[in-house]
Structures are given as C-alpha cells and as structure tokens.
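Undergrad: With the sequence up front, the predicted model follows.
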Amino acid sequence: MHPNGNSDEKHEAFDKLEGAPPSPSDCSIDKTTPPVTLVTIPPPVQDGGTRAWLQVLGSFLVFCNLWGFTFAFGSFQSYYELTYLRDESPSDISWIGTLSAFLLICVGIISGPLFDLGYFQVMLLTGACVETLGVFLLSLSSSYYQILLTQGVMIGLGNGLLYLPGLALVGRSFKKHRSIAMSFVTCGAPVGGIVFTVMFQQLIDTLGFAWTVRAQAFLMLGAYLLAFPLLLWRAHNLGDLASGTARKLFDRTAFTDLPFWAYSMSNFFLFVGYMVPFTYMAVYGQTQLGMSQSMSLNVIIIAQAASVLGRLVTGYTASKVGVMLPWSLCGLISGIMCLAWNGVHSEASFIALMTLYGFSSGGLIPLPPSAFPRVCTDPRVLGARLGMAQGIGSVASLIGSPIAGALVGVAGGGYLGLQLFSGLVMILGASGVIFLWTLLVKRGDSGKYV
C-alpha cells in the first residue's frame, strides 16, 4: 500500500495531525504548583517553492529504487523459475519478492514515527546503504537461501526505512498542491520498475546474472547519490528531534469501528491479488504462449507504463468525483481482467489484457489512503489507524503470490487456479469497497460520492 493524497479532506486531516497543539484535557497539571506555560514550536511552514519541488524529485528517485526494484521482480521470477533456480517451485520463488514487499511496508510503519522524531537523515542514509549493499550481495548469490536473505530480507529491511519518511517529507512541504506532489512521487514506483526490467532484459544474455544485478546496483547507487542533496540540502522540514514526540502506533478503539474494518479488509483482499499478474506474467508468456524472454519482459514494461497513466488518471478523477467511485471500479475491473486472463491464447491478446490490468490496477495504490480521512475523522488517531491498516495490507502482499504460485498446475489446470484466485479475491475486495462506500454515506458526514 502506497500512501498518496488526492482529496482536500486528507489535506485538512494531515494539517491538523501535524500542527495541532495539545488540548487542555490532554495535559495533567498539579494544582499545588504554580502553573506552567507550555510552548509548542511548530515545524517551519512550507507550501511549495523550489526547495519543496526538489524534495519531490529526490523522493521520486528514492521510490524508483525501493518500489521499482520490487516491481521488477517479475523478471527475476521468470529467470529463477526457468534458468537459475529450476529445482524450486514457483510458490517458493515468489516468497522472495513478497517477503521484500512485506518488510518494506511493516518497517515503514515504524519508520514513520522515527521521522517525527527527526531521524530522517539517518534512515535515508542507512536505508540506501542497506538496499544497495543487498543488491550487490544478490549478485554473488547462487542458492535459494542466499537470494531469500539478500533480495527478500536485506533489501526489504532497507526499503522499509525509506518508504513512509519520503512521503511524509513531501507532505510537510505542500498544502495546496500536496496531492499532485504525492502522485508524482509514487509514479517513481512503476517508472523504476520499467528501468530495472529493461536493464534485466537487455543485459542478462550478454553479461549473465551476476553482472546484470551489479549494473542495477550501480544505477541504484547513482540515483541515491542524486537524491541525497535534493532531499537534504538546506532542508528545514526533517522532523523535530528536540520535541521527543511521535505519533501513536496503535489505537485499540479501531477494533470496534466498522468502517475501519471495511477499509482494512477491502484493501487486504485487493492486495492479495494485486501483485500476482505482475509476478507471473513473464513466466506465463514464456511457458504458455511460447514468447521469447525478451518479449515476455516487454509485457511487464508495458503493464508498468500503463500503471503510471492509471495512477494519474484515477487521481485526477478522484479529485473531481470523489475517491470511492474510481477506487471500487479499479478493483472490480482489475479482478475481471484476472478472470479474463484464462481466455487469452495469443500474444496480442495477452499484451492487451496485461496493459488494461496495469492501467486499472494503478489506481489501487494512491486511492485508498486518499479515502482514509473519511474513514477516520479523528486526526488524533488518523496516523495510528492508517499504520494499522497498512500492517494488515502488508500480510496480503506477503501471502498473495505464494498462494497463487502453489495453485499453478493444480489438478492439471495450468494457470487456471492462479487466475481464478487472483480475480475472485480482487472482486471480493472491490465489493468491500462498495460496502464501505455505503457505510460512509449512511454516516451522513459526506456526500454520496465521498
């Protein structure tokens, strides 16, 4: 799940969450002592400008690395299955990519409060070093457990330190154009996925696995070296280390809130199926349609390019008609595309279908966080509940592709089980979004389009 914003309500909640001083009921003062004046020094106010847009560019480069390398796992999946790890099952191999995505989101929940405490610079440098070192070590890996530890665990942990802080930094830099800035930052994910997939496609046959991965690591290192000054030079919005306060990580009252559960479970089922086509489309093209390795990787590139367009279009649509309509449609259409996958028997139809899937599923990344301020109207617990929802979603990212991989070849059905599984869980998630929509409308604090 990738936080982004497209609604004014989210902006208002974000501003309240960051800048609100403590209320009198939150402060306990001993009446036997003289009154103490509490002084709150707010962080410097920024709203756009050259410095802020440079940070957007820096965060874009960070997202190209952390989510781009994750999105490029489909190229690794096909190579591992057919060449490098032929003795391992598709399900076992997919655990590598899903474990990385799971750790990225889970560690991100913790790194958000650390950003509030002023540790952004430390997390940026540490995360970049850990991820880049993990990719270099991946180039030396030749067995399953080595690849699982480097590409799954090490890269996932490094990425988790970079995920939410980069978004929070951009959020502090904008008010009026925050949704546009966030959309641009999150587009770094599919753009990076395209770049890393193209590199893998062009270099693997001539350089081999080790030097192909090293070339990706050197590109990653260069992107970080460009991002560091863009994010840090003369920046004054990196958190408040002196305050020693951070947002809550957990809010037990969320467990009695029906809209929170509707939101969380909708996202859970959508993300169980979301990464399945991206993970398996390349190996499917080679094994079921007889496509060349180069052409099958082109399908991933096309789908990721369509995802960029999908994010921008659905983000703009949500700003005009509300979030719930495009969110539910994106989930429903994506599920239908997965079911229609079973009817694909030619290269042309397969490319067309995956392009449509990339476009429709692109909106599933920025839209959910845009709706969350409607789900949780109390800014005091908004951050905690959003983190809890992301934690639930991270489990979906972990288990989705391995379950789908285990269904490949079941009862001699080829990829039918995988296609039915991913399609049905996404349609179930879209149905949950529609249920959440009705709850928010009945609550009466928003219009019918939410």
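TA: Nice, thanks for sending it over. Residues are numbered from 1 along each chain as shown.

Undergrad: Show me the shaky parts of the stretch 351-450 of the chain.
TA: 411-413, 445-450 (pLDDT under 70).

Undergrad: Okay, helices next: where are they in it?
TA: According to DSSP state H, counting those that start in this stretch, the stretch 351-450 of the chain carries its helices in the segments 367-375, 379-406, 416-443.

Undergrad: Could I get the ones you listed in TSV, plus columns for mean neighbour count and distance to Arg252?
TA: Where C-beta positions appear, they are placed from N, C-alpha and C, glycine not excepted. As requested, the helices of the stretch 351-450 of the chain are arranged in TSV below (neighbours: other C-beta atoms under 10 Å; distance: least, C-beta to C-beta, whole Å):
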stretch	mean neighbour count	distance to Arg252
helix 367-375	26	17
helix 379-406	22	10
helix 416-443	21	20
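
Undergrad: can you redo these as CSV with distance to Ile301?
TA: Output for the helices of the stretch 351-450 of the chain, formatted as CSV (distance: least, C-beta to C-beta, whole Å):
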stretch, distance to Ile301
helix 367-375, 24
helix 379-406, 19
helix 416-443, 20
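
Undergrad: Leu353 is nearest to which of these?
TA: helix 416-443 (10.7 Å; C-beta to C-beta).

Undergrad: quick check: angle from that closest one to helix 367-375?
TA: 30 degrees (axes from the mean of the first three to the mean of the last three C-alpha atoms, to 10 degrees).

Undergrad: I'd like the next helix or strand past the helix or strand where Pro259 lies.
TA: Per DSSP states H and E, Pro259 falls inside helix 258-288. Later in the chain than helix 258-288, the nearest helix or strand by DSSP H and E is helix 293-321.

Undergrad: shaky segments in the stretch 101-250 of the chain?
TA: Using pLDDT under 70, the stretch 101-250 of the chain drops low at 112, 116, 171, 175-179, 235-248.

Undergrad: show me where it has helices.
TA: 120-138, 144-147, 155-160, 163-173, 178-186, 188-232.

Undergrad: how about those helices in a markdown table, adding distance to Asp92 and mean neighbour count?
TA: Shown next, in a markdown table, are the helices of the stretch 101-250 of the chain (distance: least, C-beta to C-beta, whole Å; neighbours: other C-beta atoms under 10 Å):
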| stretch | distance to Asp92 | mean neighbour count |
| --- | --- | --- |
| helix 120-138 | 17 | 20 |
| helix 144-147 | 7 | 15 |
| helix 155-160 | 17 | 26 |
| helix 163-173 | 26 | 26 |
| helix 178-186 | 30 | 23 |
| helix 188-232 | 18 | 19 |
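
Undergrad: and of those helices, who's closest to Trp437?
TA: That would be helix 178-186 among the helices of the stretch 101-250 of the chain, by C-beta to C-beta, at 20.2 Å.

Undergrad: could you give the angle of that closest one to helix 293-321?
TA: 170 degrees.

Undergrad: what's helix 178-186 packed up against?
TA: Here helix 178-186 touches helix 8-19, helix 50-71, helix 163-173, helix 293-321, going by 3 or more C-beta pairs under 8 Å, 6 or more residues apart in numbering; DSSP states H and E.

Undergrad: Please put the alpha-carbon coordinates of that helix into CSV.
TA: Only the C-alpha atoms of helix 178-186 are listed here, as CSV (Å, rounded to 0.1, in the frame of the first residue of the first chain):
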residue,chain,number,x,y,z
ARG,A,178,0.1,18.1,-2.0
SER,A,179,-1.9,15.6,-4.0
ILE,A,180,-0.1,16.5,-7.2
ALA,A,181,3.3,16.2,-5.4
MET,A,182,2.4,12.9,-3.9
SER,A,183,1.1,11.5,-7.2
PHE,A,184,4.4,12.4,-8.8
VAL,A,185,6.4,10.7,-6.1
THR,A,186,4.5,7.5,-6.2
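
Undergrad: most tightly surrounded among the helices and strands packed on helix 178-186?
TA: For the helices and strands packed on helix 178-186, average neighbour numbers computed from mean count of other C-beta atoms under 10 Å are highest in helix 163-173, which has a mean of 26.

Undergrad: for that helix, packing partners?
TA: Going by 3+ C-beta pairs under 8 Å, 6+ apart, helix 163-173 lies up against helix 50-71, helix 90-116, helix 120-138, helix 178-186.

Undergrad: Turn these into TSV, columns for distance to Phe218.
TA: What follows is the helices and strands packed on helix 163-173, written out as TSV (distance: least, C-beta to C-beta, whole Å):
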stretch	distance to Phe218
helix 50-71	12
helix 90-116	20
helix 120-138	9
helix 178-186	23
